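J.: fold the following for me, if possible:
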Amino acid sequence: IGGQYYGNVFETCNVGVSTSNTSATSFLGAIGIYGNWLTDNRVGIQSSGSDVFIAHNTLSGNTAVYPDGGVQMGLFLQGANFDVRINNFTNMFVGLTLLNNGSDADLVEENTFTGNPVGAWVLGDNEGTNFHCNQFVGYFYALLTQDYFNTWGSTPGLLGDQGFCIGDVSLDQPADNAFVNGVLDIFQTIAAPFIYYYRNGTGLVPNVFNAPGAGAVTPMLCSSSNSDIVDCQTWRTVPTGFMTGLPNDRYIDQLLLQKMRTMLEEDHDTAAALALLQTIHTDMARQLQMRHALEKGNIALADSLRNLLASAASAQDYPLQLAMLYRNLMQSGRNFLQLTPEETAMVGSIAQSNTPAAFEAQCIRYLAHGEEYQIPLPPLPQEVLNGYWQMYINFKQADAPAQNTLQIYPNPAKDKLYLSIKGDKQEPTLVKIYCIDGTIMAVKEVPQNMLWELNIQNWLSGIYIIQVVEPNGQLKTYKFVVVP
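T.: Next comes the predicted model:
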């Protein structure tokens, strides 16, 4: 479902704007959210599994922390393909949250984050996300990276290199984010390292802290960018004919999105955007071409492109499985309400994978069966928010199911830790304990109102995460501290 939503005012809502979609639609049907005012909402905009352009919105709040422990959030994106640009995020507790948006190129560009304790919270696998030319003012963390462990076997955390630099002044594009009057610019807690390319200007060199066990964020001067003056539009001067010769698919995809966005949103020239797309042969470009072919009913071309993608993919490549589903639905004249039992089982399996494709599969289940779903978020670091809290992003409004309560004591702990599940349910509750690097320390099914005693005297000091899996499958996350 495409469409444009602009010029609206949303105030004091649980959620101002909520979109959920699948990649069965072409990128030409992307959802546009432009020029809205979103004030004092719990979540300003949330989007799941959608192609979205989000631009020129004003999202403001009062850095609220709610009685249930949730916090005010400007924008939440999960499993989405997105272009977020020229928005103002002011006094939200978290300006922008990204959860498992995957390896396709996504842009966060020319936004202003002011007075947000956390400017951008990057959870899980967001390998393709590029932060370019944003301004962060008055924050505790401008950019916080954090693992996401809520499903067994998922990629805990990944963020690709920020900026691009090969020593050619006409092509290089440092990250060029400005950091002003904050405590810490980048707090890195995920295991995967990345490079942050910068130019040597005031406020452009990030202050980085790599947590113990985390992969290093390496700030690297882009020496060809000899000017300390930022020009956020340098990508416009790169000739389209040069793009195919670039050595880096990530940068090609970023330029492709920037130029196609201009052609579609500013020039309104769909033919030029499609012509440019046909000249690019990265995996992301082929995926976009395949989706457009499916939308136009060109099954033969879609199959040809899918085969090219499959030759480099694993057998469990969920996006390709979903692409085959859309192809079969189109060819047979069916829709999501007419899935076969085998198709329903496949979608259900993908929905449990916690990959970016999982969110799209959850959207299909919502469209086909009205199944609601919640996405549990882990705790923010203790220094940002005192006490324990748990926040859920909800798609489709519903009453919260009855839940158990986990009691943890003492906290901090030294030699012994005691856990107890309090609630009315009879079934035992699965409890998993992880150290901060993702290693599972203990797993147990804990009966209701029974005490679990753990000997932790040989555990390393630091923060540990407790994941509680309710009998209905819902996840909750807590944390505790082990001291020497």
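J.: immediately after the helix or strand of the chain with the lowest mean pLDDT, which helix or strand?
T.: In the chain, the helix or strand scored least confidently by mean pLDDT, DSSP states H and E is strand 391-395, which has a mean of 55. Downstream of strand 391-395, the first helix or strand assigned by DSSP states H and E is strand 405-409.
J.: where in the stretch 1-150 of the chain is pLDDT low?
T.: 1-3, 21-29, 69, 149-150 (pLDDT under 70).
J.: please repeat the previous calculation with a cut-off of 80.
T.: 1-5, 20-30, 49-50, 65-70, 103, 149-150 (pLDDT under 80).
J.: hang on, isn't residue 482 packed against residue 459?
T.: Yes: with contact defined as Cβ atoms under 8 Å, residue 482 and residue 459 form a contacting pair (5.1 Å). No exception for glycine: its C-beta is placed from N, CA and C like everyone else's.
J.: what residues does whichever strand or helix holds residue 16 touch?
T.: Residue 16 is part of strand 15-20 when elements are defined by DSSP H and E. Residues outside strand 15-20 that contact it (Cβ atoms under 8 Å, 6 or more residues apart in numbering): 5, 8, 10, 31, 33, 36, 38, 41-50, 52, 363, 366, 394-395.
J.: adjacent strands (with direction) for the one helix or strand residue 209 maps to?
T.: Under the criterion of DSSP H and E, residue 209 resides in strand 208-210. Its sheet considered, strand 208-210 pairs with strand 184-188 (parallel) by DSSP bridges.
J.: and the partner strand, which residues are buried?
T.: 184-188 (16 or more other Cβ atoms under 10 Å).
J.: with stretch 81-93 instead?
T.: Applying 16+ other Cβ under 10 Å to stretch 81-93 flags 81-85, 87-93 as buried.
J.: ok, which pair from those is furthest apart?
T.: Of all pairs drawn from those, the one with the longest distance (Cβ to Cβ) is 81 and 91, at 28.4 Å.
J.: distance of residue 333 from residue 297?
T.: 11 Å (Cβ to Cβ, to the nearest Å).
J.: looking at those two, which is more packed in?
T.: residue 297 (10 against 7; other Cβ atoms under 10 Å).
J.: tally of neighbours for the closest residue to that one other than its chain neighbours?
T.: With sequence-adjacent residues excluded and distances taken as Cβ to Cβ, 6 or more residues apart in numbering, residue 297 is closest to residue 330, at 6.8 Å. By the criterion of other Cβ under 10 Å, residue 330 has 16 neighbours.
J.: look up phi and psi at residue 330.
T.: phi -70, psi -40 (degrees, to the nearest 10).
J.: which of the buried residues of strand 184-188 sits closest to residue 135?
T.: Nearest to residue 135, judged by Cβ to Cβ, of the buried residues of strand 184-188 is residue 185 at 12.1 Å.
J.: returning to that earlier point: narrow the contacts of strand 15-20 to those that are buried.
T.: Here, 16+ other Cβ under 10 Å leaves 5, 10, 31, 33, 36, 38, 41-50, 52, 363, 366, 394-395 buried among the contacts of strand 15-20.
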